[in-house]
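Colleague: task: produce atomic coordinates for the following.
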Amino acid sequence: MAEEELRRDTPAPGVLRLTFDRPHAHNAISIALQRALDTAMSDAAQEDSIRVVILAGAGERAFCAGYDLKELEAMPPELARASMAEREDMLWRYLSFPKPTVAAVHGLAYGAGTMYAACSDLRVGGPETTMAVSAARYGGVNLSWLLDALIGGAHIRDLLMTARAVPGAEAYGMGLLSRYEPDVGEAAVRIAKEIAAQPPEGLRQIKRLLLEGPGHSLRARYEHENAAVRSTLEQQAIGDMFSTFFANRPAAKTTGEV
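Modeller: All right, here's what the predicted structure looks like:
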């Protein structure tokens, strides 16, 4: 059942799109659906033909309304606690997935929906987007460890303490969204195609350095980047590397522009 609720398609070469397909429940994530996503991401990590993953929600109303609260309410306390620990591990694996991820945040994203969006490398939203970190409503806290790097201390206090829903334009203004586009799905595919056109090893290094950087000194981060560049250069001849660069460079205009 959960496999049927996670749609998979390839809207562009090198791009895998995974879609929460529970529009009747605003794409709320059951534990089985989250496990299906976790498995799909693990498989994608091992598949060389997949360079970028888009995460989306089915229907017009929601990206994801969060975890399936009806399911959680029906669980015995011990099972609920165990499932939440499992969910924590699965969210961390999504964050640390070695390839780029793009969240197509069309419609509402509450709770775990915002958590998965925030853990994506890029987040695309639009006029219909609404986002909220709603844990304060039940005495909890989410994303205190991540949002400060995305939106800064003033904004994170506002979002976490009020648990208010933020419209797309405001979310983009504070950095919660990376892009603000009228057609979220089309824009997410376009951006994923741009990323997929880049050499994959360089993208892996970029993501690793950004994830591992916080907490280290500026000099240490500088040295880590230099080591990563040297490692990448050792894998190919300089001439081959720059031939790829020039092949990917936009063609000059016919006016004689170089």
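Colleague: now do the SS call for Tyr94.
Modeller: Look at Tyr94: counting by DSSP: H, G, I helix; E, B strand; the rest coil, its state is helix.
Colleague: just checking, it touches Thr101?
Modeller: Yes. Taking contacts as CB atoms under 8 Å, Tyr94 lies within contact range of Thr101: 7.5 Å. For the C-beta atoms, the positions are set from N, CA and C on the backbone; glycine is no exception.
Colleague: name the residues contacting each of those two.
Modeller: Taking CB atoms under 8 Å, 6 or more residues apart in numbering as the contact rule, the neighbours common to Tyr94 and Thr101 are Cys119.
Colleague: name the residue in the two with the higher neighbour count.
Modeller: Comparing Tyr94 with Thr101 by other CB atoms under 10 Å, the one with more neighbours is Thr101, at 24 against 19.
Colleague: for the more buried one, what are its contacts?
Modeller: By CB under 8 Å, 6+ apart, Thr101 lies in contact with 52-55, 94, 119-122.
Colleague: how about a cut-off of 7 Å?
Modeller: 53, 55, 120-121 (CB atoms under 7 Å, 6 or more residues apart in numbering).
Colleague: need the max-distance pair from those residues.
Modeller: The span of the contacts of Thr101, defined through CB to CB, is set by Leu55 and Asp121 at 10.6 Å.
Colleague: out of those two, which sits in the busier spot?
Modeller: Just comparing Leu55 and Asp121: by other CB under 10 Å the higher neighbour count belongs to Leu55, 26 against 20.
Colleague: specify the beta-bridge partners of the more buried one.
Modeller: Per DSSP bridges, the residues bridged to Leu55 are Leu18, Ala103.
Colleague: how far away is it from Ser120?
Modeller: Noted for Leu55: a distance of 6 Å to Ser120, by CB to CB, to the nearest Å.
Colleague: likewise Ala58?
Modeller: With CB to CB as the criterion, Ala58 and Ser120 are 17 Å apart.
Colleague: more crowded one of these two?
Modeller: Shown here are Ala58 and Ser120; by other CB under 10 Å, Ser120 has more neighbours (22 against 19).
Colleague: show the contacting residues for Asp148.
Modeller: Asp148 neighbours (CB under 7 Å, 6+ apart): Ile156.
Colleague: any idea which helix or strand carries it?
Modeller: For Asp148, the element it lies in under DSSP states H and E is helix 147-151.
Colleague: show me where the stretch 51-200 of the chain has helices.
Modeller: For the stretch 51-200 of the chain, helices defined by DSSP state H, counting those that start in this stretch occupy the ranges 69-74, 77-95, 112-118, 147-151, 153-162, 168-174, 184-196, 200-212.
Colleague: how far off centre is the shortest one?
Modeller: Mean-position distance between helix 147-151 and its chain equals 14 Å (CA atoms, centre = their mean, to the nearest Å).
Colleague: how about that helix: buried residues?
Modeller: 147, 150-151 (16 or more other CB atoms under 10 Å).
Colleague: next one, pLDDT for Pro76 please.
Modeller: Pro76 is assigned 92 on the pLDDT scale.
Colleague: switch to numbering from 116
Modeller: Okay, residue one is now 116; in that scheme the one you just asked about reads as Pro191.
Colleague: measure how buried it is and give me the count.
Modeller: Neighbours of Pro191 (other CB under 10 Å): 8.
Colleague: rewinding a little: of the buried residues of helix 262-266, closest to Met276?
Modeller: Checking these against Met276 by CB to CB gives Leu262 as the nearest, at 12.1 Å.
Colleague: list the contacts of the residue nearest the centre of the chain.
Modeller: With distances taken as CA atoms, centre = their mean, Ser235 lies nearest the centre of the chain, 1.5 Å away. Residues in contact with Ser235 (CB under 7 Å, 6+ apart) are 170, 216-218.
Colleague: would you list the phi and psi of it?
Modeller: phi -80, psi 160 (degrees, to the nearest 10).
Colleague: now distance to Tyr337 too, for the helices of the stretch 166-315 of the chain, in a markdown table please.
Modeller: Formatted as a markdown table, those follow (distance: least, CB to CB, whole Å):
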| stretch | distance to Tyr337 |
| --- | --- |
| helix 184-189 | 45 |
| helix 192-210 | 24 |
| helix 227-233 | 27 |
| helix 262-266 | 18 |
| helix 268-277 | 25 |
| helix 283-289 | 28 |
| helix 299-311 | 25 |
| helix 315-327 | 10 |
